[in-house]
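Asker: make a model of this:
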Amino acid sequence: MRFKHLPMILLLTTAFVIGCFTVKNYGESWDEPDNSRYGEYALNAYQYFFHPQDLSEFDTDLNFKGPAYFMLVSLLAHGLTTLISAWMIITARHFVYFITFLAGVYMLYLLSKRWLSEWAAFGVALLFLTQPLMWGHAFINPKDTPFMIFFLASIYLGFEMVDAPPRTFRRAILILVAGIVIGLTTSMRILGPLAGIFVLIYAIAKNKQQAIFFSSIYVFIAILTAYLTWPYLWKSPVLNFFKSLKVMSKFPFDAKILYWGKLYLPEQLPHSYFPSLLTLQLTEPLLVLILIGVVAMIASRKIEPILLFLGWFLLPTFMIITSGSVIYDNGRQLYFLLPPVFFASGFALDWIFKYITQAKFKAVFLVLVILPGIFSAVRLHPYEYAYYNSFIGGTDGAYRRHETDYWGTSLKEAMEFVNSVAPSRARVLVISGSDEVARHYARPDLQVVTEEDDPTPQEKYNYVLILTRKNQNETRCKKSNVVYSVGRGNAVFTFIKKLKSEGYCK
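Answerer: Numbers count the residues shown, from 1 in each chain. You can find the predicted model right below:
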């Protein structure tokens, strides 16, 4: 019993060490610059807390999402760069995301233990950690995976709060901590309160009379935390909250989306988009375990996980897809719905472990089910989030049919090549990507621009970087020579072309 948590400790320690050595390899993702600015803006906003009418709104639609996590990342990242002077601020931010992800792995393990054996709960955490999709996003995603982790933590801590003995110090501490966490979750994304609704339903179902008292304190702490960490609410809390809810339910995204080789407007995207890509971006062993696990979970007649699977995954997924909510970038906005899918796989593991009884054979089985994910992650590094399974032929088979490096993290490697070959004061054009991200990795003398933001469009360009997002490379600079490409296998994420003597991209 003293060593029952040892496998989990070893797993998280191993992942932490790997993260320390590989975090520098990940390029900045497209949304990170704005998210970072928003975090700094929110920290500076506290000087206007008592007179919010003087606070100007942030210059993008990020106002409609709370900045709680971005503020935390900003504070911790600056602290890390002070301790580790060799790290860029981008690297430090990525490390904070990764630590958040590891905390989520542990939370998933603890939540799974409510219904599963020690071995099965460990297997759930192991499968989650070794999914190339999850591992890749763990370093580069400043919002979707952190929101998933905070949503998961809100449910786990909320359930622990309800289960704690009444009128005890443990109950009081959990009310405070769970209330703060759900408040922070709300101050990350407008769907955060959904986790609190699950907790309140559980509290009422367990003991209605007790629930009324401690749940009111829990809700008050959550509302206060969300208000204090979301400057947009300060001027008009209720009105601006519902305005955010309205905007985010129909997020303004008008770019075309690549799906099965065709480009769709958001409102024309087939309902199969998210389910199809989820089936293609999780490893094959996990998908098999999920199918077995759903049946095993129903057969177990454990009401709590069955209702959570329905209310946390199936119903929200169905409602979001059929309501016309905007989904893009392979459905990353819906990752917060995935934890129930993983603990469903744990029911399959528990069923299998009825027949595999010896610990050494259980360990061998778990190694076998994670090997495909680990092999693919190593091959794709540091672009693990571009993973596709063998059902489509891997990332090679998905190339040109679905998005791969849709966040442009390959611009880091592309700019490192340009830095090594470009003449002094060369001009670099970025197409279908973020010039701000590319500029962060460029030599100081280089001028990196997009066509929309080029201050001197009449001048010529030396090099052009073209992301393969939406297959734009097929129509731009077709007569120019490719001098380098960033990708894995036959899948190219970014082309680097040297423009001809006229210096224009046609």
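Asker: buried residues in the helix or strand of the chain with the lowest mean pLDDT?
Answerer: Least confident element among the helices and strands of the chain, by mean pLDDT, DSSP states H and E: helix 237-249 (a mean of 86). Neighbour-count burial for helix 237-249 flags 240-241, 244, 248 (criterion: 16 or more other Cβ atoms under 10 Å). Backbone N, C-alpha and C define where each C-beta goes, glycine included.
Asker: which residues of this structure score low on pLDDT?
Answerer: Under the criterion pLDDT under 70, the flagged ranges of the chain are 1-3, 251-252, 254.
Asker: name the element the residue most central in space within the chain belongs to?
Answerer: Residue closest to the mean C-alpha point of the chain, counted by Cα atoms, centre = their mean, is T145 at 2.7 Å. Following DSSP states H and E, one finds T145 within helix 144-163.
Asker: any idea which helix or strand comes after that helix?
Answerer: Past helix 144-163, the next helix or strand by DSSP H and E is helix 169-186.
Asker: now what about that next one, what contacts it?
Answerer: 66, 68-69, 147, 150-151, 153-154, 157-158, 160-161, 164-165, 192-193, 195-196, 199, 214, 217-226, 229 (Cβ atoms under 8 Å, 6 or more residues apart in numbering).
Asker: mind giving me the ChimeraX select for these, buried ones only?
Answerer: In ChimeraX, a selection of the buried entries from the contacts of helix 169-186 looks like this (16+ other Cβ under 10 Å):
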select :66,68,69,147,150,151,153,154,157,158,160,161,164,192,193,195,196,199,214,218,219,221,222,223,225,226,229
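Asker: still on that earlier bit, can you name the element that comes right after the least confident helix or strand of the chain?
Answerer: Reading on from helix 237-249 to the C-terminus, the next helix or strand found by DSSP H and E is strand 257-259.
Asker: and that following strand, how far from the chain's centre?
Answerer: Centre-to-centre, strand 257-259 and its host chain are 19 Å apart (Cα atoms, centre = their mean, to the nearest Å).
Asker: sorry, back to before: which helix or strand contains the nearest residue to the residue nearest to the centre of the chain once chain neighbours are set aside?
Answerer: Leaving aside its sequence neighbours, T145 sits nearest to H137 (Cβ to Cβ, 6 or more residues apart in numbering; 4.7 Å). For H137, the enclosing helix or strand under DSSP H and E is helix 132-140.
Asker: cool, L110 as well?
Answerer: helix 89-112.
Asker: report all helices and strands that that helix contacts.
Answerer: Contacts defined by 3 or more Cβ pairs under 8 Å, 6 or more residues apart in numbering; DSSP states H and E place helix 89-112 against helix 6-22, helix 32-45, helix 68-83, helix 118-129, helix 132-140, helix 144-163, helix 339-352.
Asker: wait, the residue nearest to T145 touches R332, no?
Answerer: Yes - look at H137 against R332 with Cβ atoms under 8 Å: they come within range, at 7.1 Å.
Asker: find the residues that touch each one of the two.
Answerer: In contact with both H137 and R332: D144, using Cβ under 8 Å, 6+ apart.
Asker: more neighbours: these two, which one.
Answerer: Neighbours per residue (other Cβ atoms under 10 Å) separate H137 from R332, with H137 holding more: 23 against 20.
Asker: tell me the spacing between that one and E384.
Answerer: Applying Cβ to Cβ, to the nearest Å, the value for H137 to E384 is 8 Å.
Asker: please apply the same query to N63.
Answerer: Distance of N63 to E384, given as Cβ to Cβ: 32 Å.
Asker: which one's more surrounded, those two?
Answerer: Using other Cβ under 10 Å as the criterion, N63 and E384 rank with E384 on top: 25 against 20.
Asker: what sits against that one?
Answerer: Counting by Cβ under 8 Å, 6+ apart, E384 makes contact with 132-133, 135-136, 376-377.
Asker: do that again at 7 Å, thanks
Answerer: 132, 135-136, 377 (Cβ atoms under 7 Å, 6 or more residues apart in numbering).
Asker: just M188 next, same as before
Answerer: Taking Cβ under 7 Å, 6+ apart as the test, what M188 contacts is 65-66, 68-69, 146-147, 150.
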